[in-house]
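**Q** after the sequence you'll find the predicted model.
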There are 2 protein chains.
Amino acid sequence: MKTITSTANPLYKELKHLATNAHARRKAGRSLLDGIHLCEAYLQHVGLPALCVVSQSALEHHEAAPLIAQCQAGAVSGIVLPDSQYQALSQVEHGVGLLFVIETPHVVVPAALTQSAVLLDNLQDPGNLGSILRSAAAAGIKQIYCSEGTASAWSPKVLRAGMGAHFILEIFEGVDLAALMASAQVPVLATSSYATQSIYQADLSGALAWLFGHEGQGVAEDLLQLASQQVVIPHRGQMESLNVAAAAAVCFFEQLRQS
Amino acid sequence: MKTITSTANPLYKELKHLATNAHARRKAGRSLLDGIHLCEAYLQHVGLPALCVVSQSALEHHEAAPLIAQCQAGAVSGIVLPDSQYQALSQVEHGVGLLFVIETPHVVVPAALTQSAVLLDNLQDPGNLGSILRSAAAAGIKQIYCSEGTASAWSPKVLRAGMGAHFILEIFEGVDLAALMASAQVPVLATSSYATQSIYQADLSGALAWLFGHEGQGVAEDLLQLASQQVVIPHRGQMESLNVAAAAAVCFFEQLRQS
């Protein structure tokens, strides 16, 4: 492990640029995994990172130490930073100072939609996106298709909320959802409070895709028209709608219950 | 409506203090509802606010104007602010400048838990809390009990995520959950990945309370021991757990499906 103590060090400056700039991460094709849980999940599901960054105080931490050792055994480049310098890279408060720099997975959008999946149209909130990824992974759904306007899946906030779901899923970004839906060999269901069929009446036992949209405006009207079916989550009471990540969880787990 | 243009105006200074300081809101027993949707929901479910604050540009806005008119017809005190001064009170970007100051509802914790409810132990994230309130209200659950360490339910972030659920629910804060559970006349269910009975096998058809905990650490062990029953949301795949608000939505709507 190489110790860096100067904030003028070129590698440190590059790390800081990656940590604070989404465009820089996209351009470099790299993502940052901040915190024990994400790093552990990456080692478990994917493998070794490109770079392992550790704060001075995390070197001896009982949860961080075995992960650092795993990186060292795999000859991963490692950097130790003074705590204050590490903190400038991190969005996690009071976290254990462990961060992986990884190659952002490059995935090619399949020619056709042939398995259970989630389609996200212009979803804005990183917390919602992360929660949806986590729920999908837990329900056994593998593919996530994000439209151009959807929040960036590999941002630190979404990674944190995803809790490692990123490493189990195939996440396609910048997808033309209309073209994908035209190619679909499985039904695509959208939720709508105007639908007459409930998710409990609908047959969710086979492979199918779910379409969710913008937190305020929902799914764009042209995409909604392309859906095979619209279904409603029956409510009781005076609340008109659910948070999109909550609605997605209800749908995914009803699908799993029926299957 | 009174127009204020000086940032030194005592009422404006008080508003700014309320908008930026949780302690000041608690001390004053007041909350701020920022944005059209929350103000509209308040008028619909509760009534008139204590004070109506409008930005200059919102005066003519087609969604804000009828709500302002409703306040004026009810002789509610009104203040008009230059847009820049309004923005200093608001956490909503690009929102329509309408804000209500309301009396935070003062509710007395019932002597016993006798109906369907949600118990929250040390839940941290405002977005999660708001989402849980919204899901509970949509599922027809009326009572929410928050422990001392749970995020403040009437903070601007939780209000925004709650989307008006606050005005339909009874929210009790600073509750001694152990004492409440000792008084419970309905079963209290906690989710646990170690439970053997699934939410689909459990009988959720009657009144019951759900217990959820801290995002990282879950429900405190002593409270978990007081639960009538532990149940699991069956997963598929390698993801070990759901976001707490997603898990809550799955539970609430399975309860509604069975009832």
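**A** Perfect, I can see it now. These figures come from a predicted structure and were not determined experimentally.

**Q** now for the lengthiest helix in chain A, which elements pack on it?
**A** If you go by DSSP state H, chain A has its longest helix at helix A:244-258. Counting contacts by 3 or more CB pairs under 8 Å, 6 or more residues apart in numbering or on different chains; DSSP states H and E, helix A:244-258 is packed against helix A:126-138, strand A:188-191, strand A:209-212, helix B:126-138, helix B:244-258. For glycine as for every other residue, the C-beta is placed from the backbone atoms N, C-alpha and C.

**Q** as TSV, these with mean neighbour count would be great.
**A** Listed next are the helices and strands packed on helix A:244-258 as TSV, based on neighbours: other CB atoms under 10 Å in any protein chain shown:
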stretch	mean neighbour count
helix A:126-138	27
strand A:188-191	22
strand A:209-212	24
helix B:126-138	27
helix B:244-258	24
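
**Q** what average pLDDT does the longest helix of chain A get?
**A** Mean per-residue pLDDT for helix A:244-258: 98.

**Q** one step back: closest to B:Cys39 out of the helices and strands packed on helix A:244-258?
**A** Checking the helices and strands packed on helix A:244-258 against B:Cys39 by CB to CB gives helix B:126-138 as the closest, at 16.4 Å.

**Q** by how many degrees do that closest one and helix A:126-138 diverge?
**A** Here the directions of helix B:126-138 and helix A:126-138 differ by 70 degrees (axes from the mean of the first three to the mean of the last three CA atoms, to 10 degrees).

**Q** how about the helices in chain A?
**A** Using DSSP H, helices in chain A cover A:10-20, A:22-28, A:36-45, A:64-73, A:83-87, A:126-138, A:156-162, A:177-182, A:221-226, A:244-258.

**Q** need the ones you listed in a markdown table (columns: distance to B:Leu48).
**A** What follows is the helices of chain A, written out as a markdown table (distance: least, CB to CB, whole Å):
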| stretch | distance to B:Leu48 |
| --- | --- |
| helix A:10-20 | 46 |
| helix A:22-28 | 44 |
| helix A:36-45 | 47 |
| helix A:64-73 | 55 |
| helix A:83-87 | 47 |
| helix A:126-138 | 33 |
| helix A:156-162 | 38 |
| helix A:177-182 | 44 |
| helix A:221-226 | 36 |
| helix A:244-258 | 31 |
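
**Q** so which of these gets nearest B:Pro49?
**A** Nearest to B:Pro49, of the helices of chain A and by CB to CB, is helix A:244-258 at 27.8 Å.

**Q** tilt between the closest one and helix A:126-138?
**A** Relative orientation of helix A:244-258 and helix A:126-138, computed by the same axes, to 10 degrees: 10 degrees.

**Q** how far out from the middle of the chain is helix A:244-258?
**A** Counting by CA atoms, centre = their mean, to the nearest Å, helix A:244-258 is centred 17 Å from the centre of its parent chain.

**Q** now stretch A:216-225
**A** Its chain's C-alpha centre and that of stretch A:216-225 lie 22 Å apart, by CA atoms, centre = their mean.

**Q** need the distance between the two termini of it.
**A** Taking CA to CA, to the nearest Å, the first and last residues of stretch A:216-225 lie 18 Å apart.

**Q** and stretch A:166-180, by the same measure?
**A** 21 Å.

**Q** now do stretch A:104-118
**A** Distance between the boundary residues of stretch A:104-118 (CA to CA) amounts to 20 Å.

**Q** what sits up against it?
**A** For stretch A:104-118, the surrounding residues in contact (CB atoms under 8 Å, 6 or more residues apart in numbering or on different chains) are A:25-26, A:29-31, A:132, A:136, A:140-145, A:154, A:170-172, A:175, A:180-181, A:183-186, A:188, A:207-210, A:212, A:248, A:252, A:255.

**Q** what's the answer for stretch A:170-181, then?
**A** Defining contact as CB under 8 Å, 6+ apart, one finds that stretch A:170-181 is touched by A:105, A:107, A:109, A:113, A:119, A:121, A:133, A:142-148, A:150, A:152-154, A:188, A:211, A:222-223, A:226-227.

**Q** show the low-confidence segments of chain A, by residue range.
**A** Within chain A, no stretch has pLDDT under 70.

**Q** rewinding a little: just the buried residues of the contacts of stretch A:104-118.
**A** A:25, A:30-31, A:132, A:136, A:140-141, A:143-145, A:154, A:170-172, A:175, A:180-181, A:184, A:186, A:188, A:207-210, A:212, A:248, A:252, A:255 (16 or more other CB atoms under 10 Å in any protein chain shown).
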